[in-house]
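Peer 1: Mind folding the following:
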Amino acid sequence: MYDRRELLTGAGAALASLSGGCLAAGSNVNYPNEPESGRTDAASAIAAADAEGTGEARGSGRAAPSNPALAERTRAVADEVRWFAETYPDAIAEYRAAVMRAVDATAELAGRERIAIGDVDALRTVYADTVASASTAVGGHFAVHSRLERRSEYHLDVIEKFTRRGDRDRTREELRRLREFAAGMRSEPFVRAQLSRTDIRNRLVPRLRRGERDPRLPLLFQLARVADTDGGGEADERSEAPDPATPFDRGSAFLAYAYDWATEDRDDVPDVREPPIGERRLQRPPMIERSRRDVAAAYPPVFVRRGRESTLLVGVHRLNRTDRVRDFPNDRPRTEANNGILVQRYRDPASAEAARSTLLGRATREGLYPVGDTTWERVYYERDGDVTYALVCRAGEFLLAIGANRTAWEERVDWGAPYVRTWLGGA
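Peer 2: Purely as a prediction, here's the structure:
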């Protein structure tokens, strides 16, 4: 993002050649006194409906629907990140324990003196239960249970065939192969490679981006999530505990990378034909504390704790596979205010609307701005002796913020490019 002073000193002619419009239309500069040609009738209708709905909500005591399409997409992202942050360890332990039961049953049968067809049928039942348990534990997030089902059925069919023939050596050989396969499916290297928590390689990636993957210009996402485990600040209201300025001041967060993969099958199992982008080079942790604190410091009016369940910060990085230039010279991608997406989740839409009202009491609102299929609000506020300009949006139970910068909205060039390729830009 260009600095305001640099922009104003040398860009007069360039600005004159740029047409006005909105970020969703791909325009660069829009002056408030010019016709907003980029604002479509649909966007204007969204804004009008949103304003009208808000008035009805105030009269009825209920939050009006707000940007439902963006709310649905944001919910899909937030739910998946929450699963990785909170449920993943227990789910993986349940998955590995289920597969271990099948491994033990296979080894026990292979060690018997005699093997009958009924024994093979009983082993089939064990594997059917294992597949069901694996699906319950990680299904939807990963499709590994489908692979387990296909391969185990193949081996069991072969075992049954040679058992019927009375070929004990071949039966035991196939039982050994089945045991080795199942043991590999629960092994630490397999889990680390195919069921990774970071780097995340599942359905979250297409949920984070907009549309199909561009193999020439893939994306890298940095994720940091903090949960409000104390009930969204209500407990602090009854105690003397100081309220942290931002969730990230607590110092405890779930951190992960998410890569835009080269190949993705429709069962959410990545077909790994090349290593993740920069996996061997990028330093850990995925998002350093300084990045989290710097982004949070750019949005002081935005953080409203009451009723909040969690805060998610997503850093978006556009990579370039058309040249040999390294995307991160120091092997450290940086999430900053100009490429970060701040998402606060509240317990319901009414709490999010109350948070929005609190935010607008701390900042000055200056008009609406369509981003993709969504109506955002332009706000500005004083920070460290200067004015900061940002965009905020209430979408269902979420309050989102992007673009905090001391350069005014209408004086920025290409500032929205990191966002339009994410779920903020559309489906």
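
Peer 1: what about residue 404, neighbour count?
Peer 2: Using other C-beta atoms under 10 Å, residue 404 is surrounded by 25 other residues. In short, each C-beta sits where N, CA and C put it, glycine included.

Peer 1: Name the residues that touch the host helix or strand of it?
Peer 2: Element membership for residue 404, per DSSP states H and E: strand 398-405. Strand 398-405 is contacted from outside by 1, 70-71, 74-75, 78, 295, 298-299, 302, 304, 337-338, 340-346, 352, 355-356, 359, 376, 388-394, 409, 412, 415-416, 419, 424, using C-beta atoms under 8 Å, 6 or more residues apart in numbering.

Peer 1: Now with 7 Å, please.
Peer 2: 1, 71, 74, 298-299, 302, 337-338, 341-346, 352, 355-356, 388-393, 415, 419 (C-beta atoms under 7 Å, 6 or more residues apart in numbering).

Peer 1: So for it, what gets flagged as buried?
Peer 2: Neighbour-count burial for strand 398-405, counted by 16 or more other C-beta atoms under 10 Å, picks out 398, 399, 400, 401, 402, 403, 404, 405.

Peer 1: ok, now how distant is the fourth one from residue 380?
Peer 2: From residue 401 over to residue 380 the distance is 12 Å, taken as C-beta to C-beta, to the nearest Å.

Peer 1: can you give me the mean pLDDT across stretch 167-183?
Peer 2: The average pLDDT within stretch 167-183 is 97.

Peer 1: For the stretch 251-400 of the chain, which segments count as helices?
Peer 2: Along the stretch 251-400 of the chain, the stretches classed as helices by DSSP state H, counting those that start in this stretch are 289-297, 349-362.

Peer 1: again, but for the stretch 51-200 of the chain
Peer 2: Going by DSSP H, counting those that start in this stretch, the stretch 51-200 of the chain shows helices at 68-82, 88-110, 117-138, 144-165, 168-185, 188-194.

Peer 1: can you list these in CSV and add mean neighbour count and distance to residue 250?
Peer 2: CSV is the format used below for the helices of the stretch 51-200 of the chain (neighbours: other C-beta atoms under 10 Å; distance: least, C-beta to C-beta, whole Å):
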stretch, mean neighbour count, distance to residue 250
helix 68-82, 19, 17
helix 88-110, 18, 20
helix 117-138, 18, 29
helix 144-165, 18, 33
helix 168-185, 18, 37
helix 188-194, 12, 28
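
Peer 1: Out of the ones you listed, which is closest to residue 200?
Peer 2: Closest to residue 200 of these is helix 68-82 (C-beta to C-beta; 8.4 Å).

Peer 1: Name the spans of the stretch 201-350 of the chain whose pLDDT lies under the cut-off.
Peer 2: Within the stretch 201-350 of the chain, the stretches with pLDDT under 70 are 230-244, 251, 261-284, 329.

Peer 1: hmm, try it at 80
Peer 2: Along the stretch 201-350 of the chain, the parts satisfying pLDDT under 80 run over 229-245, 250-251, 260-285, 321-331.

Peer 1: now do the stretch 51-200 of the chain
Peer 2: Checking the stretch 51-200 of the chain against pLDDT under 80 turns up 51-65.

Peer 1: 50 instead, please
Peer 2: 51-61 (pLDDT under 50).

Peer 1: Can you get me the centre-to-centre distance for stretch 203-213 and its chain?
Peer 2: Centroid separation between stretch 203-213 and its chain, computed with C-alpha atoms, centre = their mean, to the nearest Å, is 9 Å.

Peer 1: Could you list the alpha-carbon positions for that stretch in CSV?
Peer 2: In CSV, the C-alpha atoms belonging to stretch 203-213 read as follows (Å, rounded to 0.1, in the frame of the first residue of the first chain):
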residue,chain,number,x,y,z
ARG,A,203,-11.6,-27.8,2.8
LEU,A,204,-10.7,-24.7,4.7
VAL,A,205,-8.5,-23.5,1.8
PRO,A,206,-11.2,-23.2,-0.8
ARG,A,207,-13.4,-21.6,1.8
LEU,A,208,-10.8,-19.0,2.4
ARG,A,209,-10.4,-18.0,-1.2
ARG,A,210,-12.8,-16.8,-3.9
GLY,A,211,-13.4,-19.2,-6.8
GLU,A,212,-10.9,-21.7,-8.2
ARG,A,213,-7.2,-21.8,-7.6
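
Peer 1: For that stretch, buried residues please.
Peer 2: 203, 204, 205, 206, 207, 208, 209, 210, 213.

Peer 1: got a list of contacts for the helix or strand encompassing the fifth one?
Peer 2: So the one you mean is residue 207. Element membership for residue 207, per DSSP H and E: helix 204-208. Contacts with helix 204-208, where a contact means C-beta under 7 Å, 6+ apart, come from 76-77, 80-81, 221, 258-261, 264, 314, 422-423.

Peer 1: Save the helices of the stretch 251-400 of the chain as JSON lines, and put in distance to residue 225 too.
Peer 2: JSON lines is the format used below for the helices of the stretch 251-400 of the chain (distance: least, C-beta to C-beta, whole Å):
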{"stretch": "helix 289-297", "distance to residue 225": "10"}
{"stretch": "helix 349-362", "distance to residue 225": "17"}
